[in-house]
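Colleague: No letters, just coordinates:
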């Protein structure tokens, strides 16, 4: 398998003397694990919906409000 890196990214990797093959392997493993976790989450949520039914409009609204508040807190801490 060959992997293409744009010139700017290639130059940054080389300038820092980073092991490109190891970095790419780690990135691929990380992405595969992320996708696996997302699939597990989807299965878990589907099981919950089967067990207790879909969320109501009020529950969805409340969850969206909580998510927005958490996102704002995270942004403030990161900034």
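Modeller: Structure received. Keep in mind it's a predicted model, so treat the numbers as computed, not measured. Numbering: from 1, shown residues only.

Colleague: Report the secondary structure element holding the residue nearest the centre of the chain.
Modeller: With distances taken as Cα atoms, centre = their mean, the residue of the chain nearest its centroid is residue 34 (6.2 Å). Per DSSP states H and E, residue 34 falls inside helix 20-52.

Colleague: burial of residue 26, as a residue count?
Modeller: For residue 26, the count of nearby residues is 11 (other Cβ atoms under 10 Å). C-betas here are computed from N, CA, C, even on glycine.

Colleague: I'd like to know how far it sits from residue 68.
Modeller: 33 Å (Cβ to Cβ, to the nearest Å).

Colleague: any idea whether residue 2 is helix, strand or coil?
Modeller: On the three-state scheme (DSSP: H, G, I helix; E, B strand; the rest coil), residue 2 is labelled coil.

Colleague: same check, this time on the one 3 residues further on
Modeller: Secondary structure for residue 5, judged by three-state DSSP, is coil.

Colleague: That one: what's it in contact with?
Modeller: 13, 20 (Cβ atoms under 8 Å, 6 or more residues apart in numbering).

Colleague: Brilliant, that's me finished.
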